[in-house]
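J.: Sharing a model that was predicted from the sequence below.
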Amino acid sequence: MANCKSQKYVGRDVVLEYAIGCADTLPTEADWKRFGSMRTKEFNLEWETTDATADDSIGALRENLATFQSLTISGDGTCKASGAGSANLIELTKHVANPTATAGQPFAWMRMTFPDLTFTAFMIITTMSRSAPFDDVTTYSMEASATTSDYGLIVEDTPDPDAPAVTSVEVVPATLSMIVGETYDVEAVVLPTSASQGVTWSTSDTLIATVNALTGVVTAVGDGTATITATSSSDPAKSDTCAVTVTAA
């Protein structure tokens with residue numbers, strides 16, 4: 001039987017999700033909730049530039065240097081009276097109107113998954129609106145702008161659905177001795193190596209050792225022992241650990 005694959009894709013293959021949380025903590029896979037019944041999804045990444053032209057500019061060309069990025073995600077869809085999509089939209093709308101969960105600011109993590117790339121950022125939801133014409137379906141629209149977080153804009157390859165299943169995760173080294181103030185880049189390999197290599201990092205005690213959730217860089221903070229865990233992004237049931245012992249300088 002033929003197993004046809006297309007080199008192109010349509011908008012419904014792109015998934016937009018949100019997770020209400022804080023800027024210093026990446027959402028777990030269970031935290032993500034999908035926007036329902038979307039008709040359009042827009043991703044716009046733009047660099048601001050500054051004029052660096054001077055009298056030594058070659059060829060009389062105006063020079064520009066990139067300074068800061070601006071990222072917006074927007075979209076619209078239809079409202080439903082019931083179902084999971086309706087519950088998610090109700091939750092997010094209430095949060096934007098009264099964002100007590102995020103210190104009075106309408107913050108939320110956004111994840112937009114294309115078949116080739118996945119973009120994740122901590123954002124502030126600037127617009128949430130509904131339109132209800134008497135002779136048409138009720139629709140909603142939203143717009144969010146990226147804001148500062150501990151992680152910035154995360155750009156990852158979208159896992160290949162045809163990749164083999166993850167069998168295990170191996171962390172190197174398995175044990176680590178550090179002095180307060182030191183840093184160490186712990187590595188993780190997902191097996192088989194042809195499986196998605198994405199992992200997230202966590203620590204059992206931030207007062208002993210912290211770890212960058214994306215890179216695995218461990219920082220020794222205080223005396224004691226802590227466990228650093230690498231968890232497969234594709235299969236959260238697969239993980240491995242590194243035992244860290246920290247002593248004073």
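T.: Received, thanks.
J.: Pretty sure residue 245 sits in a helix.
T.: No. Applying DSSP: H, G, I helix; E, B strand; the rest coil, one finds residue 245 to be strand, outside a helix.
J.: pretty sure it is touching residue 223, no?
T.: No. In this structure residue 245 lies outside contact range of residue 223 using C-beta atoms under 8 Å: 9.2 Å. Bear in mind the C-beta positions are built from the backbone N, C-alpha and C, glycine included.
J.: low pLDDT regions in the chain?
T.: Along the chain, segments meeting pLDDT under 70 span 1-2.
J.: Show me the domain layout of it.
T.: For the chain, automatic domain parsing gives the domain ranges 12-53+60-157, 168-247.
J.: could you dump those domains to CSV with mean neighbour count and distance to residue 5?
T.: Listed next are the domains of the chain as CSV, based on neighbours: other C-beta atoms under 10 Å; distance: least, C-beta to C-beta, whole Å:
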stretch, mean neighbour count, distance to residue 5
domain 12-53+60-157, 15, 11
domain 168-247, 17, 18
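J.: which residues of this protein fall in helices?
T.: 84-97 (DSSP state H).
J.: end to end, how far does stretch 167-182 reach?
T.: End-to-end distance of stretch 167-182: 32 Å, with C-alpha to C-alpha, to the nearest Å as the criterion.
J.: Need the contact partners of that stretch.
T.: With contact meaning C-beta atoms under 8 Å, 6 or more residues apart in numbering, stretch 167-182 is reached by 184, 186-192, 195, 199, 209, 218-223, 228, 230-232, 238-249.
J.: Test my guess that residue 14 contacts residue 41.
T.: Yes. Contact criterion C-beta under 8 Å: residue 14 and residue 41 qualify, at 5.5 Å.
J.: any residues in contact with both of these two?
T.: Residues within reach of residue 14 and of residue 41 at once, by C-beta under 8 Å, 6+ apart, are residue 112.
J.: Identify the residue nearest the geometric centre of the chain.
T.: residue 120 (2.9 Å; C-alpha atoms, centre = their mean).
J.: For the closest residue to it other than its chain neighbours, which residues are in contact?
T.: Residue nearest to residue 120 in three dimensions, not counting chain neighbours: residue 154, with 4.1 Å by C-beta to C-beta, 6 or more residues apart in numbering. Neighbour list for residue 154: 119, 120, 121, 214 [criterion: C-beta under 8 Å, 6+ apart].
J.: tell me which of those is nearest to residue 76?
T.: Among the contacts of residue 154, residue 119 lies closest to residue 76 (C-beta to C-beta), at 18.8 Å.
J.: For the closest residue to the closest one other than its chain neighbours, list the residues it contacts.
T.: Distance criterion C-beta to C-beta, 6+ apart; nearest residue to residue 119, sequence neighbours excluded, is residue 112 at 4.9 Å. By C-beta under 8 Å, 6+ apart, the contact list for residue 112 reads 14, 15, 16, 17, 41, 43, 73, 118, 119, 120.
J.: Next up, the contacts around the first one.
T.: Translated: residue 14. By C-beta under 8 Å, 6+ apart, the neighbours of residue 14 are 41, 112, 113, 114, 115.
J.: do the same with the fifth one
T.: With contacts defined as C-beta under 8 Å, 6+ apart, the neighbours of residue 41 are 11, 14, 16, 73, 74, 75, 112.
J.: Okay, residue 89 and residue 231: tell me how far apart.
T.: 29 Å (C-beta to C-beta, to the nearest Å).
J.: and if you look at residue 113?
T.: Distance, residue 113 to residue 231, by C-beta to C-beta: 19 Å.
J.: And for residue 187?
T.: 14 Å.
J.: How about residue 28?
T.: From residue 28 across to residue 231, the span is 9 Å (C-beta to C-beta).
J.: Same question for residue 163.
T.: Taken as C-beta to C-beta, the span from residue 163 to residue 231 is 17 Å.
J.: Identify the residues contacting the nearest residue to residue 148 once chain neighbours are set aside.
T.: Using C-beta to C-beta, 6+ apart and skipping the chain neighbours, the partner closest in space to residue 148 is residue 23 (6.8 Å). Going by C-beta under 8 Å, 6+ apart, residue 23 touches 107, 122, 147, 148, 149, 150.
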